[in-house]
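> Predicted model and sequence below, questions to follow.
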Amino acid sequence: AADAASPLLRQLNPEQLAAVTLPQEHALILAGAGSGKTRVLTTRIAWLMSTGQVSPGGILAVTFTNKAAKEMMTRLGAMLPVNVRGMWIGTFHGLCNRFLRAHYKLAALPQSFQILDTQDQLSAIKRLLKQHNIDDERFPAKQLQWYISGNKEEGLRAHNLTGRDEDTRKKIELYRLYDEQCQREGVVDFAELLLRSFELLRDNDPIREHYQRRFRHILIDEFQDTNTLQYAWIKMLAGKAEIDRGLPEGHAGSVLAVGDDDQSIYAFRGARVGNMSDFVREFDVRQQIKLEQNYRSHGNILDSANALIEHNSRRLGKNLRTDQGPGEPVRVVEQTSDFAEAQWMVDEIRQLVRDGVPRKEIAILYRSNAQSRVIETALFNAAMPYRVYGGLRFFERAEIKHALAYLRLLENRHDDTSFLRVVNFPPRGIGVRSIEQLQDAARTLGCSLNDAASSLTGKAGSNLTAFVARIDVLREQTAGLTLREIIEQVLDGSGLVEHYKADREGADRVENLEELVNAAESFVTQEGFGRDAVALPLDEHGLSQSPASQGLDPNAPVVDAPLPDVAPDTGETLSPLAAFLTHAALEAGDNQAQAGQDAVQLMTVHSAKGLEFDCVFIGGMEEGLFPHENSMTERDGLEEERRLMYVAITRARDRLYLSFSQTRLLHGQTRYNLRSRFFEELPEDALKWITPRQSGFGMGSRGTAPGRFGIEAGNFPSAAAPLPPQKAAPSHGLRAGMKVFHTKFGEGTVKLLEGNGDDARAQIDFPRHGVKWLALAVAKLTPVP
Ligand code: ATP
Ligand code: MG
């Protein structure tokens, strides 16, 4: 068996090898960025299976993003001839969804329960507040959403909470009502997926024992960013409570946690880096492995990362070295405006591409989503293919949500959120008043909006019953069709496409709706939800009935141990439509047209975690932006920003660029920024300043030792606060069509003018340098007669 595995192991260093081939016991790998943690985790899974120590069904692997899960499956598939698709590899949300689908009855859910994304959840809460006449000044919906999700992530239901004051008691009451509403409508929010799975495992002994016996190996990547509930879920599956009660170890599987405390960047969403030390203590972990060799980055990049993170005080302490040599210096650039910064990025990227760097190996990272627009514009104008991750997800666009709402109603007529979204969209003369009447009726009758429609009389009643009938007809017409056909039928039968076609601005939306058909098509091919594949679910029930298979036959489905005491909830598969709707709620829904393209990658630093690229640009390195102003009132906040910067730097293999700008238009205001304090924390000899170091606006000497800025609120210069308008608007006297001269770009023609006073910008076509946006307050332009 060891021979079969040896090619897998040949490429590992001694520490990695030790980690991959650990005996079956709980272990923690604590190591810095790029040291091969994820590689070790993946290789261990392959090693365990190829040496026959575990069948594919005995593995539970948790990754942080869907992208990471897919990558892990691809790598495993390349290492071993095994059907990875059926394996339990995924995000917490994805795995819990699968678990609840398998046991929907025990979880008290309808089979085709739908998932509320963050937007849906907010509108469900708003609806609840309105229904109960709650003053939304006193209880803003967003705050309540935060309250509910936060409590769920701590494992707390409304009945676990007590309120000392009137407001808290009201919030608890609303939490309870919200949960009741979701239950009635057959929908679950993201946090509910986890909490509901956790409770089912906790309360149902046979189910819990089954999964405890089944998952021999539980492996978790990015463990530093797990929250309380996720850790509790893992403890439950790993039989922590049973072991504490004296049941022998080996009753449940062993846990391998992999993480880096320096990359904990989700504290604001409830992640608890303390889970790492708790894990070591509670599981009596004796195997703690450190990896210190970095295989990703050249020396200057790594030195920068190491020096920066040194400024944090609470660290577990790790070292990273590389054998790769110093490589290129980290380039630092100052620009006059965000426009100039974006233009500079595009110029630099053009050069990189000319030098042979694939576009997909170039990433632009930013601290906040709002920064992407200017960069996108510059890339777009330069006809440079690019792809944005995060931001508004494809499946969150309004037109797509409308289409999905129709599809959801086909699956579940009691989904009131979807009902309300499209009952009058496209407009069909159903007014607010009618909808209120309908909601009243539904409340009185204790039924869904769909079912209440027939109880209304008059014009309102007939319009509403017509809508319900329309959905019923669509449901009949689409019965038995393929997913693609269903969607095409719905786009047509709902009137959505027609509606957007009639809209002069609707072309993009029609295109997106067509894209939805493509998304469904590729979902079917990738996930095997085609007509034939439906009959052959890969463990979609969690507990399948086929005989156990230990072999690594590539065509063998992944099979669970037979389980007489726990009957699966259903013999049927989830319909392709229901599966697709789940996919839409859980996946980013990358635009398929862009998916395979060689394009520059744009994303926030948060979503870049775990990834790597040849060349990385980090833009907006300014006080107030990075570190973000919201973080500056707390010490922990600043340390988290620094970890975020550490994550950003360590994404780069060969080249790293850091840029900042003197002015930036953000949320409609021009900000005058100081450059980020992080520059003072980077080693001078690893950097190369492309623009002179001390130049520019507002760069006065700060005379502060690295890492010793005041960080209490008020002690910090309000760096990014918009300045009050000081001067009267300078009349720049420019007009479109005018010829101007710029010291660097030469002669050009003014194309467009935007903004007033200090915010004024001009788009100028410079024959030798292309079209550029210039801030008139900074750019030196002289009219050419
Ligand atoms: P992060 O903390 O950013 O998630 P990581 O510790 O998970 O990083 P990996 O992504 O697993 O690191 O590995 C970083 C890079 O180094 C990958 O390209 C990986 O293939 C490579 N690598 C890891 N170990 C070795 C090795 N022993 N020999 C050669 N390359 C390696
Ligand atoms: Mg990793």
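Alright, I've got the coordinates. Ligands and ions are numbered 1, 2, ... in the order given.

> In this protein, which residue sits closest to ligand 2?
Using Cβ to the ion, the single residue of the chain nearest to ligand 2 is Thr38, 3.3 Å away. Where C-beta positions appear, they are placed from N, C-alpha and C, glycine not excepted.

> so what's that residue closest to, chain neighbours aside?
Asp221 (5.7 Å; Cβ to Cβ, 6 or more residues apart in numbering).

> How about Leu611?
The spatially closest residue to Leu611, leaving aside those adjacent along the chain, is Arg651, at 6.0 Å (Cβ to Cβ, 6+ apart).

> That neighbour: what's it in contact with?
Applying Cβ atoms under 8 Å, 6 or more residues apart in numbering to Arg651 gives the contacts 363, 365, 608, 611-613, 616.

> And it, what's its pLDDT?
pLDDT, Arg651: 97.

> Low-confidence bits of the stretch 501-650 of the chain, can you list those?
For the stretch 501-650 of the chain, the stretches with pLDDT under 70 are 526-573, 588-596, 635.

> I'd like to know which residues of it are adjacent to ligand 1.
610, 612, 650 (Cβ under 6 Å from any ligand atom).

> Considering the residues you listed, which possesses the most neighbours?
Taking other Cβ atoms under 10 Å as the neighbour criterion, Thr650 ranks highest of those with 31 neighbours.

> From the contacts of Arg651, pick the one nearest ligand 1.
Nearest to ligand 1 among the contacts of Arg651: Glu612, at 5.8 Å, using Cβ to the nearest ligand atom.

> got a list of what that closest one touches?
Contacts of Glu612 by Cβ under 8 Å, 6+ apart are 34, 296, 651-653.

> looking at those, which has the most residues close by?
Counting by other Cβ under 10 Å, top hit in the contacts of Glu612: Ala652 with 30 neighbours.

> Tell me which residue in the stretch 251-400 of the chain sits closest to ligand 1.
Closest point on the stretch 251-400 of the chain to ligand 1, by Cβ to the nearest ligand atom, is Tyr295, at 3.3 Å.

> Would you confirm that that residue contacts Gly34?
Yes. If you go by Cβ atoms under 8 Å, Tyr295 and Gly34 touch, sitting 6.1 Å apart.

> quick one: the strands in the stretch 51-200 of the chain?
For the stretch 51-200 of the chain, the strands defined by DSSP state E, counting those that start in this stretch cover 59-62, 88-90, 114-116, 187-189.

> just to revisit the earlier point, count of residues packed around the residue of the chain closest to ligand 2?
19.

> Longest strand in this structure, please.
strand 652-666 (DSSP state E).

> in its sheet, what does the next helix or strand after that one sit against?
With elements assigned by DSSP states H and E, the helix or strand that comes after strand 652-666 is strand 669-672. Sheet pairing for strand 669-672, assigned by DSSP bridges, gives strand 652-666 (antiparallel).

> still on that earlier bit, which two among the contacts of Arg651 are spaced furthest apart?
Comparing every pair within those by Cβ to Cβ identifies Leu365 and Glu612 as the most remote, at 11.9 Å.

> Can you name the residues of this protein sitting close to ligand 1?
So the chain meets ligand 1 at 11-13, 16, 31, 33-39, 260, 263, 295-296, 610, 612, 650 (Cβ under 6 Å from any ligand atom).

> Okay, and which of the residues you listed map to strands?
Taking DSSP E, the ones among the residues of the chain next to ligand 1 that sit in strands are Ala31.

> Give me the number of neighbouring residues for Ala405.
By other Cβ under 10 Å, 22 other residues sit near Ala405.

> Below-threshold pLDDT in the stretch 651-785 of the chain: ranges please.
Residue ranges of the stretch 651-785 of the chain with pLDDT under 70: 694-732, 755-759, 777.

> what about the residue of the stretch 251-400 of the chain closest to ligand 1, neighbour count?
17.

> Over to Gln119?
Residues near Gln119, counting by other Cβ under 10 Å, number 14.

> now swap in Gln351 and tell me
Neighbour count for Gln351, taken as other Cβ under 10 Å: 10.

> Now it: which helix or strand?
Assessed by DSSP H and E, Gln351 sits inside helix 338-354.
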